[in-house]
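A.B. asks: Just to be clear, the model below is a prediction. Sequence and coordinates:
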There are 2 protein chains.
Amino acid sequence: MAVRFADRMKWLKASEIREILKLTQNPEVISFAGGLPAAELFPVKEILAASAEVLEQQGCQALQYSTTEGCLDLRNAIAERMNRFRGTRVSGDRILITCGSQQGLDLTGKLFLDPGDAILCESPTYIGAINAFRAYQPRFVQVPTDDDGMIPDELERLVRETERVKLLYVVPDFQNPSGRTWSLERRRGLLDVAERHEIPIIEDSPYAEVCFEGEAPPSILSLDERGLVVYLSTFSKIFCPGLRIGWLAAEQSLFERYVLAKQGADLHTSSLSQHLIRTYMARHDMDANVERIRRTYRRRRDVMVEAIAREFPEGIRHTRPRGGLFLWVELPAGADAKEILVRALDENVAFVPGGSFFPNGGGENTMRLNYSAMPEERIVEGIRRLGRVLRETLAVSGGLARRSES
Amino acid sequence: MAVRFADRMKWLKASEIREILKLTQNPEVISFAGGLPAAELFPVKEILAASAEVLEQQGCQALQYSTTEGCLDLRNAIAERMNRFRGTRVSGDRILITCGSQQGLDLTGKLFLDPGDAILCESPTYIGAINAFRAYQPRFVQVPTDDDGMIPDELERLVRETERVKLLYVVPDFQNPSGRTWSLERRRGLLDVAERHEIPIIEDSPYAEVCFEGEAPPSILSLDERGLVVYLSTFSKIFCPGLRIGWLAAEQSLFERYVLAKQGADLHTSSLSQHLIRTYMARHDMDANVERIRRTYRRRRDVMVEAIAREFPEGIRHTRPRGGLFLWVELPAGADAKEILVRALDENVAFVPGGSFFPNGGGENTMRLNYSAMPEERIVEGIRRLGRVLRETLAVSGGLARRSES
């Protein structure tokens, strides 16, 4: 067939992670590859009760078309929660309910990006954002990033040197994939750059509440006086992802454009899902639910970090995330995480090679490990197997020798 | 703020219908403006039972992330139903679950449209499609259309004369807004043009099952041997819209690209909504549910048609739809439906001026009336009020005099 597609379709590729996940359907495989929350923590009984209440008392409304903006009660409840935990002062009428925060990313591309526009992002950055933005054919410019966030001098230099910078995209809290968290100082610095150059910041923060040690620093939105920050988040990591309820918060003129874009994209998000979450929040203790998630993931992170210390060969760096779902591993320069994955799958263990998180290439010697989805003994066993694969592969490739030189 | 938006944002406008709907929140207003299904027909009890079953037996799965393509059981059930009612031979692995069929339209724009590409559509055409496609900056070319569909000679001429025709977009069954249905011959003719010029057809068919007199003609997809037809539909009109479950069917290479585009747009559609509908279909009688909708809407259509005959001044043409939710009114040339709406709102009755359904302007003397959302006595009263407004306005504007000359 000679059907002609839009230019942008040249840039859309299947997510490597999703392809790997297909290989890990086999229950024998210990998978650190996905980003699934622990399903055993979903408050299924309470959701069942909320579902009965919603359908019995507001069934027709919860099953009918509703507004693009979303259910106002839910939007108010989200604003209240953000103001309590993230230091913001938003009201429900600036919250747009989206189909997961992934839709917030897609709508962001729609609002801002013409082909050839530049997005400045962290290095590494979130693969879902790369995939969403790619449909709008931008150039990605990765800003050198350390454990505290983007490096200020490099950020300033790249903003000045790069033509048509349209967006600054960051995941400042317990980042996917690196597990890193921006310091308060770096947050202020980013905002300062955004203000001087009048560039919107997309603050993608699905993990902020999943913190293990104290609280995440204040959101960048909470520091913003000029309405330049669009804040994206979701119930996927603090409740459950299958309802597909995310949201974004933006100042009025941005908010109105997001509503327009969403209206064309899907009219509105599932009314029933919105009513379910709203009713759950009114009748049950969302904070206690989040606390249960924190405790479980904190233990799993500890178990993974301890197992890595025992099982991985020396010379491998990794993060020790203070929250979120992911840990980032840097192998010695020259190591190829994709080759290692092939070997690891032979041992029935999976992870995501880190190269996927670098839109312009690079990072071949990195890997992302998820610790939220697996019971502790499987984490221990999976890291044991992965350690064996790493020892064998790196010894053969000479990676260990090179590593010790650096 | 000097934030720069993408070029496409110049073309996105708030849906006039949604703005009108805001005025009709007042329960005093008899609104023929929306396109809401009758909420009193939603099988709330059965959905409650399905919800309990899903959450009790597959709660973790229904609340977890799932595949972009959608739940395979539901996709198979949809394929079976399409093959039974629409004469197709599709399998579930070519069905993609979307967030309403509105998302199918947005994804279609993403797949096919570069700025300046042409879409050939009916005249009038569906406003939701206009809004979805506008984000991709196409040119709309409206093909002259009569009660049987696009007029073949005009279609052929426009396909030849128009540069960069990328898509043929049609709503062949009980169209929104006109209520018209394409004849079988015109369907074959459209497909013939599509094949000779290798242009995909987007067959948008949310209303086909809501038929009042016999069945809708075979779907264009069922006549397609070359894989050129993308079929969009939804549970919104035969079940309930608040779950936001629509779908599309396409041949493999198109299907795969739609999956990619959806992955970037929102990862996947609500797992719980999908499980609910699948379980409802397994335990209850969807056909009987559709039959109840048909009977109710058929009566409402009859009541509206009879009331129009009694109440409207002469010289006003209207369709008598054999299915769907809408009836189309053509006032005498020179009449302005927007002015009439202002007067009608004074009388607490609302409709959508037909101009919204003409992307390049025109149709100022047309109006769309919805009959699905209102009990019969309200339809009678609303048409009585509207008839009074029409008699007054058209007499004053000289519309009636002009009409009798034509």
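C.D. replies: Perfect, thanks for sending it.

A.B. asks: alpha carbons only for contacts and neighbour counts from here, please
C.D. replies: Fine.

A.B. asks: which element is A:I202 on?
C.D. replies: Counting by DSSP states H and E, the element that carries A:I202 is strand A:201-204.

A.B. asks: should've said A:L327
C.D. replies: Counting by DSSP H and E, A:L327 is part of strand A:326-330.

A.B. asks: Skip ahead from that strand and say which helix or strand is next.
C.D. replies: helix A:337-346.

A.B. asks: Quick one: residues contacting the spatially closest residue to A:T67 that is not a sequence neighbour.
C.D. replies: Once flanking residues are discounted, A:T67 sits nearest to A:H268: 6.3 Å by Cα to Cα, 6 or more residues apart in numbering or on different chains. By Cα atoms under 8 Å, 6 or more residues apart in numbering or on different chains, the residues touching A:H268 are A:Y65, A:S66, A:T67, A:T68, A:E69, A:G70, A:T98, A:K262, B:R244.

A.B. asks: Could you check the strand or helix carrying A:T98 against chain B for contacts?
C.D. replies: Following DSSP H and E, one finds A:T98 within strand A:95-99. Yes: contact of strand A:95-99 with chain B (Cα under 8 Å from any Cα of the partner chain) involves A:C99.

A.B. asks: Please apply the same query to stretch A:174-183.
C.D. replies: No: Stretch A:174-183 stays clear of chain B (Cα under 8 Å from any Cα), getting no nearer than 15.9 Å.

A.B. asks: One more: stretch A:28-42?
C.D. replies: Yes: using Cα under 8 Å from any Cα, stretch A:28-42 reaches chain B at A:L36, A:P37, A:A39, A:E40, A:F42.

A.B. asks: what about A:L267, distance to B:D114?
C.D. replies: Distance of A:L267 to B:D114, computed by Cα to Cα, to the nearest Å: 23 Å.

A.B. asks: Looking only at neighbour counts, state which of those two leads.
C.D. replies: Neighbours per residue (other Cα atoms under 10 Å in any protein chain shown) separate A:L267 from B:D114, with A:L267 holding more: 24 against 18.

A.B. asks: Please name the nearest non-neighbouring residue to the more buried one.
C.D. replies: Nearest one to A:L267, counting by Cα to Cα, 6+ apart, is A:T68 at 5.6 Å.

A.B. asks: and if you look at A:E251?
C.D. replies: Closest residue in space to A:E251, ignoring its immediate chain neighbours: A:G227 at 5.4 Å, by Cα to Cα, 6+ apart.

A.B. asks: which residue ranges form the strands in the stretch 301-406 of chain A?
C.D. replies: A:317-318, A:326-330, A:349-350, A:352-353, A:366-370 (DSSP state E, counting those that start in this stretch).

A.B. asks: average model confidence for stretch A:37-50?
C.D. replies: For stretch A:37-50, mean pLDDT is 97.

A.B. asks: For that stretch, list every residue counted as buried.
C.D. replies: Buried residues in stretch A:37-50, defined by neighbour count with 16 or more other Cα atoms under 10 Å in any protein chain shown: A:P37, A:A38, A:A39, A:L41, A:F42, A:P43, A:V44, A:I47, A:L48, A:A49, A:A50.

A.B. asks: Kindly report the same for stretch A:248-255.
C.D. replies: Going by 16+ other Cα under 10 Å, stretch A:248-255 has these buried residues: A:L248, A:A249, A:A250, A:E251, A:L254, A:F255.

A.B. asks: Whether whichever strand or helix holds the last one contacts chain B - can you check?
C.D. replies: Taking DSSP H and E as the criterion, A:F255 maps to helix A:252-266. Yes: with Cα under 8 Å from any Cα as the measure, helix A:252-266 is seen reaching chain B through A:R257, A:L260, A:A261, A:Q263, A:G264, A:A265, A:D266.
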